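Colleague: Fold the following for me, if possible:
(one chain, ligands or ions: 1)
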Amino acid sequence: MFRIMYMSTATRVIPDSELEELLETSRKNNKEKNLTGLLIVKGRTFLQCLEGEKKDVEEIFNKILKDDRHTSIIDLIEEDISSRMFPTWDMGYKNLKIVDDIKSEKIRKISSIDDFDIKKEDIAEVIQEFIAYD
Ligand SMILES: Cc1cc2nc3c(=O)[nH]c(=O)nc-3n(C[C@H](O)[C@H](O)[C@H](O)COP(=O)(O)O)c2cc1C
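Modeller: Next up, the predicted model:
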């Protein structure tokens, strides 16, 4: 199996209703391909993790790369994996708009920075904290 994580920037402010639609489509498609993952949104920044069979991850990722709702896609991680981080999530979703709701100190700190500047080596930890604390 294979995992991709990337960050990107929305090309415009995407209303919550449109994000909900995007999630609905993603969950449907991902379920069909047995892909799991997580999408974190902070303002105009996306952080997404996708995991599953390599060809399926790459196929969806190629679609995502062409999506004009976002740009400046930075590939953070591409790796072979033996187990999933999010085995039960077609696409977990967290919008970091309401920072006070987040219990993890580290995530609160990252969320309060406008640019959502995560270091590559911190990503796994940040995501784990999401799962553990919120
Ligand atoms: C930040 C971001 C994350 C996305 N994540 C997914 C995803 O996990 N799965 C998916 O199928 N589409 C995802 N999309 C949407 C795809 O780019 C594309 O619009 C969609 O797969 C088209 O689906 P359709 O062919 O069923 O209409 C994402 C788009 C953006 C902007």
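Colleague: Where does the residue lying closest to L65 once chain neighbours are set aside sit: helix, strand or coil?
Modeller: Closest residue to L65 apart from its sequence neighbours, by Cβ to Cβ, 6 or more residues apart in numbering: I73 at 6.2 Å. C-beta coordinates here come from the backbone N, C-alpha and C atoms, glycine included. Classification of I73 using DSSP: H, G, I helix; E, B strand; the rest coil returns strand.
Colleague: Tell me the predicted confidence for I73.
Modeller: According to the prediction, I73 has pLDDT 91.
Colleague: which parts of this protein sit against the ligand?
Modeller: 8, 22, 25-26, 29-30, 39, 46, 48, 50, 60, 63-64, 67, 69-70, 91 (Cβ under 6 Å from any ligand atom).
Colleague: For the most centrally placed residue in the chain, give its distance to I40.
Modeller: The centre of the chain sits closest to Q48, judged by Cα atoms, centre = their mean, with a distance of 1.9 Å. Q48 sits 7 Å away from I40, going by Cβ to Cβ, to the nearest Å.
Colleague: To which secondary structure element type does K28 belong?
Modeller: K28 ends up helix, using three-state DSSP.
Colleague: Provide a list of residues in contact with it.
Modeller: The neighbours of K28, taking Cβ atoms under 8 Å, 6 or more residues apart in numbering as the test, are D90.
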